[in-house]
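1. This is a predicted model, with the sequence first.
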Amino acid sequence: MTDEIDIERFARHIVLREIGGPGQQALARTHVALVGAGGLGAPAALYLAAAGIGRITLIDPDTVSLDNLQRQILFRTADVGTTKAGTGARALSALHPGTAVTAVTAALDEANAEALIEGADLVLDGCDNFRTRFAVNAASRSMGIPLISGAVGRWDGQVALFNATDASPCYRCWVPDVPPDAETCARVGIVGALTGVVGSAMALETIKHVCRAGETLDGRIWLFDGLSMRSRTVSLPRDPACPVCGS
């Protein structure tokens, strides 16, 4: 990736004091691995490509189904039955041809996590199960790659930045074990527009982290209630007893 940027395309970024030309160049040099191209991954990926991220690795094992389209805005009705990674990659390239997109139609797990995210500067986790979340976090921690994690359910969402530094908390400081009453969107439901709010916040955190703009969510969790339109941010210290990063 060269230092040349499209001044016209990214004009609204370049006039921002916190981004400017140097920040836009940093975005163009950044490689993001995005785990999950669903409700959260779809808006996050679209905004990252639109922002001029240099490279995106899109990791998802699934195919597009009709019930995805209520919230997964990366896809269209004609895409039903196609792979999310491949179809998503084509949509992102159409939005911004300057973003190099690699499609990986595979399930990330403990065995392949490090290989799949190798070379990335940031990992975004928008998956829908704790086994994958734990594998992403462990690989992120061991490889020193910051992790931006998002989650949604019903009308609520959350975003956090983990593993930003050696002193930062990891995802297992927040969720040490699989909750006994773990819910899925298929079982309890999810309002589609909420995934746009949370996925966009994940993209925003990515841009802030890359451009060193403002205060990131390192050591904090952003919690959003869509029914009341209230949000709050809570501190998350590193847990000395954490099974992944504890002493």
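-> Structure received.
2. centre of the chain versus the lowest-mean-pLDDT helix or strand in the chain, how much separation?
-> Every helix and strand in the chain was compared by mean pLDDT, DSSP states H and E; the lowest is helix 185-188, with a mean of 74. Centre-to-centre, helix 185-188 and its host chain are 21 Å apart (Cα atoms, centre = their mean, to the nearest Å).
3. Show me what secondary structure element comes after that helix.
-> Moving toward the C-terminus from helix 185-188, the next helix or strand (DSSP states H and E) is helix 192-211.
4. which helices and strands does the least confident helix or strand of the chain pack with?
-> strand 147-153 (3 or more Cβ pairs under 8 Å, 6 or more residues apart in numbering; DSSP states H and E). Where you see a C-beta, it was placed from the backbone N, CA and C, and this is true even at glycine.
5. same question for the strand it packs on, mean pLDDT?
-> For strand 147-153, mean pLDDT is 96.
6. Checking residue 18 next. Helix, strand or coil?
-> coil (DSSP: H, G, I helix; E, B strand; the rest coil).
7. And residue 221, by the same measure?
-> Under three-state DSSP, residue 221 comes out as strand.
8. middle-most residue in this structure, spatially?
-> residue 124 (2.8 Å; Cα atoms, centre = their mean).
9. what pairs with that one across the strands?
-> Taking DSSP bridges, one obtains residue 34, residue 148 as the residues bridged to residue 124.
10. Surely residue 37 is in contact with residue 88?
-> Yes: in this structure, residue 37 is within contact of residue 88 by Cβ atoms under 8 Å, at 4.5 Å.
11. got a list of contacts for the least confident helix or strand of the chain?
-> Residues outside helix 185-188 that contact it (Cβ atoms under 8 Å, 6 or more residues apart in numbering): 39, 128, 152, 153, 154.
12. what does stretch 124-133 give?
-> 32-36, 38-41, 44, 107-109, 136-137, 147-150, 171, 175, 178-179, 182, 184-185, 199, 202, 206.
13. Mind giving me the PyMOL select for these, buried ones only?
-> The buried residues among the contacts of stretch 124-133 can be selected in PyMOL (16 or more other Cβ atoms under 10 Å) with this line:
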select buried, resi 32+33+34+35+36+38+39+40+41+44+107+108+136+137+147+148+149+150+171+175+185+199+202+206
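14. just how off-centre is stretch 102-113 within its chain?
-> How far stretch 102-113 lies from its chain's middle: 15 Å, per Cα atoms, centre = their mean.
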